[in-house]
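> Please work out how this folds:
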Amino acid sequence: MISVLAIDDSRTIRELLRQALEGAGMEVTTADDGALGVSAFREARFDAVITDINMPNLDGFGVIEAIRRGSDNRRVPILVLTTETGPSLRARAREAGATGWLTKPFDQAGLIQTIRRVAGVALA
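Residues are numbered from 1 along each chain as shown. Okay, here's the model as predicted:
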């Protein structure tokens, strides 16, 4: 089973992600800001991380950098899911170590396919 950590300060987005991913048979852990997300990441092993950019306490760039600097599971795929579309922000996320960039609102089927692909699971 694919285990995903979803970090977003929007309760609505966290619930939409949970419903979509659990509906696809994935296990989902959520965190409502970047600092809590990094803490949750240190507590368990995840196959993929989804993070927003604009969040309190620690933004998505800080999340990416903290995971990539860590000693455990630092190669985990990290997908940015945000309303932001600027090329400079995408470049900054890529330089920090993000695997991909998705925009809100997200396409459920596309998100599931992307998670399965980056987590190394064969598509059905």
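
> Now do the helix ranked longest in the chain: everything it contacts.
For the chain, the helix that runs over the most residues, judged by DSSP state H, is helix 11-23. For helix 11-23, the surrounding residues in contact (CB atoms under 8 Å, 6 or more residues apart in numbering) are 2, 4, 6, 8, 28, 30, 32, 50, 52, 81, 104, 106, 108, 111-112, 115. Any C-beta I mention is one placed from the backbone N, CA and C, and that applies to glycine too.

> By neighbours, which of those residues wins?
residue 50 (29 neighbours; other CB atoms under 10 Å).

> which secondary structure element contains the residue nearest the centre of the chain?
In the chain, the centroid-proximal residue (CA atoms, centre = their mean) is residue 50; its distance is 0.8 Å. If you go by DSSP states H and E, residue 50 is part of strand 48-51.

> so which pair among the contacts of helix 11-23 is furthest apart in space?
32 and 112 (22.3 Å; CB to CB).

> in its sheet, what does the strand holding residue 50 sit against?
Strands that pair with strand 48-51, judged by DSSP bridges, come out as strand 3-7 (parallel), strand 78-82 (parallel).

> Residue 33: neighbour count?
Neighbour tally, residue 33, other CB under 10 Å: 18.

> ok, now which ones touch the residue lying closest to it once chain neighbours are set aside?
Leaving aside its chain neighbours, residue 33 sits nearest to residue 57 (4.4 Å; criterion: CB to CB, 6 or more residues apart in numbering). Residues near residue 57 by CB under 8 Å, 6+ apart: 33, 34, 35, 36.

> show me where pLDDT drops low in this protein?
Per-residue confidence for the chain (pLDDT under 70) gives these ranges: 121-124.

> 90 - rerun?
71-74, 85, 120-124 (pLDDT under 90).

> what ranges do the helices span in it?
11-23, 34-43, 60-69, 87-96, 108-118.

> Cheers, nothing more for now.
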